[in-house]
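>>> next input, structure requested:
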Amino acid sequence: MCSTLSKNTICNDDLHRLAVGKGARIDYAPLAAAQAVAVKYGGQFFIGLDYAIAENSPEERIVLAHELGHIHTDAFYGMRAPEPVRKRAEMLAERWAVKQLVPKAELCSLLAQGKESWELAEHFNVTEDFMRKACYFYFECGMQAK
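Residues are numbered from 1 along each chain as shown. The predicted structure is shown next:
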């Protein structure tokens, strides 16, 4: 899947390497309540991905990048955490994922070429919903590139 992405775009294999580099173990399992989960336990990281997510799909990229975002930003919370704590952790993870999967400079270049939403999603191998989220974070929220 890497061959279709630009040199500036991270691929699924790179995401797996990032996880391993952080000492994270990735397992696939049937998950009832979520597509994925990241857990920090005793200084170790674990990522569980639902079997239903197609391997090497845009959904896998997005979900794995999001869970890695929890690890890289140390944005974890317990099941009984207050809503503001949960929202902050989810936002940090999602912003990290956007920065990894949709580099701002490359996005701006493609937008200047007049690319449509579906073309952007295809280029970055993400969903159109994720592209809208990336544009929202970068252009409406003023998120910095790195």
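>>> torsion angles phi and psi at residue 37?
When read as degrees, to the nearest 10, the backbone of residue 37 gives phi -150, psi 140.
>>> let me fix that: residue 26
Here the main-chain torsion angles of residue 26 (degrees, to the nearest 10) amount to phi -110, psi 130.
>>> quick one: neighbours of it, just the number.
18 (other C-beta atoms under 10 Å). For glycine as for every other residue, the C-beta is placed from the backbone atoms N, C-alpha and C.
>>> neighbours around the closest residue to it other than its chain neighbours, how many?
Nearest residue to residue 26 in three dimensions, chain neighbours excluded: residue 47, at 4.7 Å (C-beta to C-beta, 6 or more residues apart in numbering). If you count neighbours by other C-beta under 10 Å, residue 47 ends up with 24.
>>> same thing with residue 130?
Residues contacting residue 130 under the criterion other C-beta under 10 Å number 24.
>>> now do the strands in this structure.
For the chain, applying DSSP state E gives strands covering 24-29, 36-41, 44-50.
>>> could you pick out the longest helix of the chain?
Using DSSP state H to define each element, the chain has its longest helix at helix 83-101.
>>> on that earlier part again, pretty sure the residue nearest to residue 26 contacts residue 25?
Yes: with contact defined as C-beta atoms under 8 Å, residue 47 reaches residue 25; the gap is 7.2 Å.
>>> in the worst-scoring helix or strand of the chain on mean pLDDT, what counts as buried?
Scoring the helices and strands of the chain by mean pLDDT, DSSP states H and E places helix 12-21 at the bottom, with a mean of 85. Across helix 12-21, burial judged by 16 or more other C-beta atoms under 10 Å covers 12, 15, 18-19.
>>> for those, which one is nearest residue 58?
Nearest to residue 58 among the buried residues of helix 12-21 is residue 12, at 9.6 Å by C-beta to C-beta.
>>> tell me how far that closest one lies from residue 99.
Separation of residue 12 from residue 99 (C-beta to C-beta, to the nearest Å): 17 Å.
>>> before we move on, what about residue 138?
For residue 138 relative to residue 99 (C-beta to C-beta), the value is 9 Å.
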